[in-house]
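Participant: Got a predicted model here, sequence first, then my questions.
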Amino acid sequence: MAKWLDSGDLVPYDDQVGGHKFTKEKPLLGLLKHKEGYILKSVEGGTKGKNEVRFYEELKNDESLSSLRELVPSYFGTVTIKINSKDMTFIVLDDITRSMKKPCVMDVKIGLQTWEPGCSEKKKKDENAKYKECKEEWNFCIPGFQVYDLLNSTLEHPRKYDKEFGKSLDPGKVISVFKTFLNFNSGYLGLEKLVQSFTAQLDLIRRYFQTQNHYHFYSSSVLLAYDAATLTNDQDSYPLIRISLIDFAHVTAANGQVDLNYLQGITNLWTLFRTQLLQKNN
Ligand SMILES: O=P(O)(O)O[C@@H]1[C@@H](OP(=O)(O)O)[C@H](OP(=O)(O)O)[C@H](O)[C@H](OP(=O)(O)O)[C@H]1OP(=O)(O)O
Ligand SMILES: Nc1ncnc2c1ncn2[C@@H]1O[C@H](COP(=O)(O)OP(=O)(O)O)[C@@H](O)[C@H]1O
């Protein structure tokens, strides 16, 4: 990856569903997309970006972390780009929605505790107050998602559900939110394979967290993506799905302890898929 990219080849990333958005008012934050299909995430503004770069660099260089490398987006280093005559540094990542024609994407933030040990009392209080009911019931929350509604195929754009939706979400409605995300009402035969694939991938992540004791992941998400254009009645084809762990700004050393906070959240998410969505989609 070149250390410099032309800013003319960059556009705001439209399929972003959570996190800080790239706006004219706050051009230092948010994700950009390069025309070759890379995602660029800003590392400006404090220690969070630097922590995330450190995480990706360690992952790249430490062979004992190769299983974890399989679960995160491919990392292509960092680049510096001049934007509004200011040099800015970005992490370059593979786009999880790459080649998807109708990307349906959900950001699920994992864990009851979304603040890392050692943060300020204010941060702790602010984090505990957000998505409170959902986190307490499920040990995860939903900061955002988008879905191409297959029953309404005249819509050119996905329906977007933002963090305000996630913050006010009644925990009792979480299962129906996943059904909305998965286009359950469409009745396509491919739905069963879609749910099976997601369940199997979530199980892989869950199994990894049962024993990993290298990192603790606070305020980190699982990004679920599928291409609604590949959800069909064709018996021979499989819907295109990808799952990835993202957002490592608050990853800390585990000191040999399993990350029980993350493990509980990912187990609940997997259980939801396995018991509430699998083979119940008609
Ligand atoms: O920057 P803001 O005001 O959007 O605040 C972010 C929060 O947005 P919100 O308060 O929900 O509107 C944001 O909340 P969400 O969980 O994304 O809703 C995070 O708390 C983020 O912190 P961090 O990047 O995880 O350390 C918060 O970032 P920091 O302000 O802590 O950098
Ligand atoms: N590799 C990726 N591929 C596709 N989308 C991504 C990728 N990384 C992040 N995103 C999108 O950007 C959003 C915010 O990412 P995140 O890393 O959580 O940023 P922040 O640190 O601002 O919270 C995610 O919800 C997702 O929509």
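Facilitator: Arrived safely, thanks for sending. Ligands and ions are numbered 1, 2, ... in the order given.
Participant: Around ligand 2, pick out the residues from the stretch 1-150 of the chain.
Facilitator: 16-20, 31, 39, 41, 73, 93-97, 105, 107, 144 (CB under 6 Å from any ligand atom). Every C-beta, even on glycine, is put in place using the N, C-alpha and C of the backbone.
Participant: Check the burial of residue 190 by counting its neighbours.
Facilitator: Counted with other CB atoms under 10 Å, residues neighbouring residue 190 total 20.
Participant: That one contacts residue 231, doesn't it?
Facilitator: Yes. Using CB atoms under 8 Å, residue 190 is in contact with residue 231, at 4.7 Å.
Participant: ok, the residue in the stretch 51-200 of the chain positioned nearest to ligand 1 - contacts?
Facilitator: In the stretch 51-200 of the chain, the residue that lies nearest ligand 1 is residue 163 (4.2 Å; CB to the nearest ligand atom). Neighbouring residues of residue 163 by CB atoms under 8 Å, 6 or more residues apart in numbering: 18, 143-144.
Participant: any chance of these in JSON lines, plus secondary structure and distance to ligand 1?
Facilitator: Converted to JSON lines, the contacts of residue 163 look like this (DSSP: H, G, I helix; E, B strand; the rest coil; distance: CB to the nearest ligand atom, whole Å):
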{"residue": "18", "secondary structure": "coil", "distance to ligand 1": "6"}
{"residue": "143", "secondary structure": "strand", "distance to ligand 1": "5"}
{"residue": "144", "secondary structure": "strand", "distance to ligand 1": "8"}
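Participant: Among those, name the buried ones.
Facilitator: Among the contacts of residue 163, those buried by neighbour count (16 or more other CB atoms under 10 Å) are 18, 143-144.
Participant: Switch the residues you listed over to JSON lines; also include pLDDT.
Facilitator: Shown next, in JSON lines, are the buried ones among the contacts of residue 163 (pLDDT from 0 to 100):
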{"residue": "18", "pLDDT": "96"}
{"residue": "143", "pLDDT": "98"}
{"residue": "144", "pLDDT": "98"}
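Participant: Of the residues you listed, which is the nearest to residue 272?
Facilitator: residue 143 (17.0 Å; CB to CB).
Participant: how close does the closest residue to that closest one other than its chain neighbours sit to residue 192?
Facilitator: Nearest residue to residue 143, sequence neighbours excluded (CB to CB, 6 or more residues apart in numbering): residue 18, at 3.9 Å. Distance, residue 18 to residue 192, by CB to CB, to the nearest Å: 28 Å.
Participant: for residue 39, same thing?
Facilitator: From residue 39 over to residue 192 (counting by CB to CB), the distance is 30 Å.
Participant: How about residue 136?
Facilitator: Residue 136 is 32 Å from residue 192, by CB to CB.
Participant: Give me the more crowded residue out of the two.
Facilitator: Here residue 136 and residue 192 are set side by side on neighbour count (other CB under 10 Å), and the busier one is residue 192, at 16 against 12.
Participant: Could you pull out the buried residues of the host helix or strand of that one?
Facilitator: Secondary structure from DSSP states H and E places residue 192 in helix 190-211. When burial is assessed from 16+ other CB under 10 Å, helix 190-211 yields the following buried residues: 190-199, 201-202, 205-206, 208-209.
Participant: did I read that right, residue 108 in a helix?
Facilitator: No. Counting by DSSP: H, G, I helix; E, B strand; the rest coil, residue 108 is not part of a helix but strand.
Participant: just the strands in the stretch 51-200 of the chain please.
Facilitator: Taking DSSP state E, counting those that start in this stretch, the strands of the stretch 51-200 of the chain run over residues 75-83, 86-94, 103-110, 140-147, 159-161.
Participant: okay, now the closest residue to residue 92 other than its chain neighbours: neighbour count?
Facilitator: Leaving out its chain neighbours, the residue that sits closest to residue 92 by CB to CB, 6+ apart is residue 76, at 4.1 Å. Using other CB under 10 Å, residue 76 has 17 other residues around it.
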